[in-house]
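Student: The sequence and its predicted three-dimensional model are supplied below.
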Amino acid sequence: APEQVGALHQQLAAWYNSKKDNVKALEHYQAFIDATPDAEAKEIETLARLYLQNNRCEDADRWLVRVIDNTRRAGKRPDELWFQLRDRCLVELKRDDDRLANLEALVAEYPSRDYYSRVVALYRARSGDDKVVMLNAFRVAVSDPLGGLGTVGSYLAYADVALVMGSPGEAVRALERGMREDIVPDAGSNQAALQEARAALAADSRNLAADAAAAAKSAKGEDEVKVGLGDLS
């Protein structure tokens, strides 16, 4: 009977999957979804997984986008796994723009230092390590209490960029957080970098009042920006 078709395809898909026949399992599971207009999110996820299993990343990504969008329209939070599976697909497909957008959506829903680190790495690659872009990317990651950065190199890079861009207070906070989280070893050259940042911060703090007074008399907007950055630092 027509109303039984979907369920039979679902059973056949399970049977072929148990026999390790990935092609047939996918064929019947797709037929099940086609015959089931109100398929549940987990069922669509299973279809996407079967496409991944068959190395059909484009199709897997299409169904993952659908389940994420459907879940959002229903006023619910998409599963973390769906974004992770999309990331796998988009790496294989070399679609960096889509991968960055997916990771940004993932970190907004499920903030973690691992996801922030992936986002920051993509910004570095795509911007050619542009200092303004990287400073802002690092700021977003480290300002999130649930975020942060996942490697020593990332924290040291943030501190270095912050110092170069005239914001030593950020360099101090970055290194202190990395050490507090046992990511940046609290010794050797890392301690030297922290002391350098603290000395630069102290010098900036001493000069801030004079800089503010000078900026108030100056017609140059750059002077105002320098004072604002000093306050932020």
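Tutor: Alright, I've got the coordinates. Being a predicted model, the structure only gives us computed values, none of them experimental.
Student: which parts of stretch 166-180 are buried?
Tutor: For stretch 166-180, the neighbour count (16 or more other Cβ atoms under 10 Å) marks 167-179 as buried. (Glycine included, C-beta is placed from N, CA and C.)
Student: I would like the residues contacting that stretch, please.
Tutor: Contacts to stretch 166-180, defined as Cβ atoms under 8 Å, 6 or more residues apart in numbering, come from residues 135, 138-139, 142, 148-149, 152, 155-156, 158-160, 162-163, 184-186, 190, 193-194, 197-198, 200-201, 204, 226, 229-230, 232-233.
Student: Now that stretch: average pLDDT?
Tutor: Taken as a whole, stretch 166-180 has a mean pLDDT of 92.
Student: CA atoms only: put it into PDB for me.
Tutor: The C-alpha coordinates for stretch 166-180 follow below in PDB (Å, rounded to 0.1, in the frame of the first residue of the first chain):
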ATOM      1  CA  GLY A 166      49.400  49.700  20.100                       C
ATOM      2  CA  SER A 167      47.200  47.800  22.600                       C
ATOM      3  CA  PRO A 168      49.500  46.300  25.100                       C
ATOM      4  CA  GLY A 169      46.700  45.700  27.700                       C
ATOM      5  CA  GLU A 170      45.200  43.200  25.300                       C
ATOM      6  CA  ALA A 171      48.500  41.500  25.000                       C
ATOM      7  CA  VAL A 172      48.700  41.200  28.800                       C
ATOM      8  CA  ARG A 173      45.200  39.800  29.100                       C
ATOM      9  CA  ALA A 174      45.700  37.400  26.200                       C
ATOM     10  CA  LEU A 175      48.900  35.900  27.800                       C
ATOM     11  CA  GLU A 176      47.500  35.800  31.300                       C
ATOM     12  CA  ARG A 177      44.400  33.900  30.100                       C
ATOM     13  CA  GLY A 178      46.500  31.500  28.100                       C
ATOM     14  CA  MET A 179      48.600  30.800  31.200                       C
ATOM     15  CA  ARG A 180      45.600  30.600  33.500                       C
END
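Student: picking that back up, emit the PyMOL select command for whichever of the contacts of stretch 166-180 are buried.
Tutor: To isolate the buried members of the contacts of stretch 166-180 in PyMOL, using 16+ other Cβ under 10 Å:
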select buried, resi 135+138+139+142+148+149+155+156+158+159+160+162+163+184+190+193+194+197+198+200+201+204+226+230+233
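Student: Of the contacts of stretch 166-180, which belong to helices?
Tutor: Residues of the contacts of stretch 166-180 located in helices (DSSP state H): 135, 138-139, 142, 152, 155-156, 158-160, 162-163, 190, 193-194, 197-198, 200-201, 204, 226, 229-230, 232.
Student: For Lys24, state which of the buried residues of stretch 166-180 is nearest.
Tutor: Nearest to Lys24, judged by Cβ to Cβ, of these is Gly178 at 50.7 Å.
Student: what sits against Ala105?
Tutor: 68, 83.
Student: any residues touching the lowest-mean-pLDDT helix or strand in the chain, and which ones?
Tutor: When the helices and strands of the chain are scored by mean pLDDT, DSSP states H and E, helix 221-232 comes last with a mean of 80. Identification of contacts with helix 221-232 by Cβ under 8 Å, 6+ apart yields 165-167, 169-170, 204, 207-208, 211-212, 214-215, 218.
Student: where do the helices sit along this protein?
Tutor: Using DSSP H, helices in the chain cover 2-18, 22-34, 41-53, 57-73, 80-93, 96-109, 113-127, 131-143, 152-164, 168-180, 188-217, 221-232.
Student: Residues in contact with the fifth one: which ones?
Tutor: It stands for helix 80-93. Residues contacting helix 80-93 (Cβ under 8 Å, 6+ apart): 45, 48-49, 52, 57-58, 60-61, 64-65, 67-68, 96, 98-99, 102-103, 105-106, 109-110, 118.
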